[in-house]
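**Student:** whatever this is, show me its structure:
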Amino acid sequence: MDIKTRIRRSLARATCDKTELDRTVLRFKKCFDEASAALCGKGKKTKK
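**Tutor:** A predicted model of the protein is given here:
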């Protein structure tokens, strides 16, 4: 399991009943997804 998944799961477990912290977790998830897309090149268009 990679560190991104581990952090996301631990934060989600710790914040399951707190709505403000849930928003924080979702924001971190979005940041991780954006960073992953930027590093891995996911979603880039191919040049013909």
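**Student:** now do the same for the residue most central in space within the chain: its pLDDT.
**Tutor:** Centrality entry for the chain: nearest residue to the mean C-alpha point is K29, 2.3 Å, by CA atoms, centre = their mean. Note for K29: predicted pLDDT of 87.
**Student:** which ones are touching it?
**Tutor:** For K29, the contacting residues are R8, by CB atoms under 8 Å, 6 or more residues apart in numbering. Quick note: C-beta positions are derived from backbone N, CA and C, even for glycine.
**Student:** could you dump the helix or strand harbouring I7 to PDB, C-alpha only?
**Tutor:** Following DSSP states H and E, the helix or strand that holds I7 is helix 3-14. This file holds the C-alpha atoms of helix 3-14, laid out as PDB (Å, rounded to 0.1, in the frame of the first residue of the first chain):
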ATOM      1  CA  ILE A   3       1.700   6.300   1.400                       C
ATOM      2  CA  LYS A   4      -1.100   8.300  -0.300                       C
ATOM      3  CA  THR A   5      -3.600   5.500   0.300                       C
ATOM      4  CA  ARG A   6      -2.400   4.900   3.900                       C
ATOM      5  CA  ILE A   7      -2.700   8.600   4.800                       C
ATOM      6  CA  ARG A   8      -6.100   8.900   3.200                       C
ATOM      7  CA  ARG A   9      -7.500   5.800   5.000                       C
ATOM      8  CA  SER A  10      -6.100   6.900   8.400                       C
ATOM      9  CA  LEU A  11      -7.600  10.400   8.000                       C
ATOM     10  CA  ALA A  12     -10.900   9.100   6.800                       C
ATOM     11  CA  ARG A  13     -11.100   6.700   9.800                       C
ATOM     12  CA  ALA A  14     -10.200   9.500  12.200                       C
END
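**Student:** so the residue nearest to the centre of the chain: helix, strand or coil?
**Tutor:** Assigned by DSSP: H, G, I helix; E, B strand; the rest coil, the conformation of K29 is helix.
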